[in-house]
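[1] got a structure for you, letters missing:
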């Protein structure tokens, strides 16, 4: 009789590849590149939305969210930090003394990050295939209208 091999069930725990991919994403890599670097095939990396639906990935993300909340980083605190960045000032030393002026690079970076958060619901994959102008949309309806 042959020995049977038992499958090991992870029960929602992330795999080594999933952890590596999440670490790569956290370091600023694109999702596709992070998956390839973690050892996923190009075919799998091209379907990155499936990666985030995996139980292990969901479990890891939820665990991270819980840890973040446990150390006191709340939505209110993050919003306050964005507010601080939007109002950022910088000190400039001149011959007349120190001048406090708007820190536009910091303000623009904060705005770009806020815009990404606001638009995340509208564009969950982060990729826009094509934007239509009003004229294109109206003309397309006229072309497709029943005659």
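    Right, received. Where do you want to start? The model shown is predicted, which means the values in this text are computed figures rather than measured ones. Numbering: from 1, shown residues only.
[2] going forward, measure contacts between C-alpha atoms and count neighbours the same way
    Will do.
[3] what's the helix or strand where residue 43 lies packed up against?
    For residue 43, the host element (DSSP states H and E) is helix 42-46. For helix 42-46, the elements it packs on are helix 31-38, judged by 3 or more Cα pairs under 8 Å, 6 or more residues apart in numbering; DSSP states H and E.
[4] so what does the helix it packs on touch, helix or strand wise?
    Helices and strands touching helix 31-38, by 3+ Cα pairs under 8 Å, 6+ apart, are helix 16-26, helix 42-46, helix 48-53.
[5] Pick the most deeply packed of those helices.
    helix 16-26 (a mean of 17; mean count of other Cα atoms under 10 Å).
[6] avg pLDDT for that one?
    Averaging pLDDT along helix 16-26 yields 91.
[7] Pull the residues that contact it.
    Outside helix 16-26, the residues that touch it by Cα atoms under 8 Å, 6 or more residues apart in numbering are 31, 34-35, 37-40, 56-57, 60.
[8] Throw the helices and strands packed on helix 31-38 into JSON lines and include distance to residue 68, thanks.
    Output for these, formatted as JSON lines (distance: least, Cα to Cα, whole Å):
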{"stretch": "helix 16-26", "distance to residue 68": "14"}
{"stretch": "helix 42-46", "distance to residue 68": "28"}
{"stretch": "helix 48-53", "distance to residue 68": "19"}
